[in-house]
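Novice: let's see this in three dimensions:
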Amino acid sequence: LPESMLDADALYAQLMGFVDSMQDPFYKALAEAVLRDDADVVDRVKRAPAAKSVHHAYKTGLLEHVVSITTILDGLAKHYGKYVDRDLLFLGGFFHDIGKIWELSYERVTDYTTEGKLIGHLVMGVEMVDKKIRLLEATPGRIPGDVFPEDKKLLVKHLILSHHGLLEYGSPKRPKCLEALIVHAI
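Specialist: Below you'll find the predicted structure:
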């Protein structure tokens, strides 16, 4: 497979810098549960392409894409300040394409997995969020009060489901909050 010209470990360190800078305890715990604590996800994120052919279609392309997007989202969060939730934007940057680590196979050539063909990366990303939130709720001390707020969970899932922007582009929902619109636009 063709490879990124950027170093996967350096990109991952940048990604973890964004995670470390998060302030919301629920959103940060979710980001850590996925991007730090799940060794399989970390390994896949470091190796996965972002697409079969359209953009970042090479080894480590997904991580390069996510870091690039999140860097832009960070700048926009600073620009718009109190009008947007920076941590929610970050989760949109981190997770909008996270399902691609299972949607695509990328050992010898990049192609779609059976699950990728039948389910797709948007739904797989939402399923992963649900699974990780259940894990956080079942692990004492990981989140305040041991219950992840429903509104926060819905917003994270909405950013994943709406990031393509239009129904005809594969989003089951159009962006319905400012953060979702920004993630889609970026």
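Novice: so which strand or helix has Val129?
Specialist: Using DSSP states H and E, the element containing Val129 is helix 121-138.
Novice: which other residues reach the helix or strand just after that helix?
Specialist: Sequence-wise, the next helix or strand downstream of helix 121-138 (DSSP H and E) is helix 150-162. By CB atoms under 8 Å, 6 or more residues apart in numbering, the residues outside helix 150-162 that reach it are 24, 26-27, 30, 88, 91-92, 95-96, 98-99, 122, 125-126, 129-130, 133, 171-177, 179-180, 183-184. (Glycine included, C-beta is placed from N, CA and C.)
Novice: buried sites along helix 150-162?
Specialist: Going by neighbour count (16 or more other CB atoms under 10 Å), the buried part of helix 150-162 is Lys152, Lys153, Leu155, Val156, Lys157, His158, Leu159, Ile160, Leu161, Ser162.
Novice: report how many residues lie close to Thr113.
Specialist: By the criterion of other CB atoms under 10 Å, Thr113 has 14 neighbours.
Novice: residue contacts, the nearest residue to Gly120 once chain neighbours are set aside?
Specialist: Spatial nearest neighbour of Gly120, chain neighbours left out: Glu103 (6.4 Å); criterion: CB to CB, 6 or more residues apart in numbering. Contacts of Glu103 were listed using CB under 8 Å, 6+ apart, and they are Tyr112, Thr113, Glu115, Gly116, Ile119, Gly120, His121, Met124.
Novice: pLDDT value on Glu103, please?
Specialist: Per-residue pLDDT puts Glu103 at 80.
Novice: same thing with Lys52?
Specialist: Lys52 is given a pLDDT of 67.
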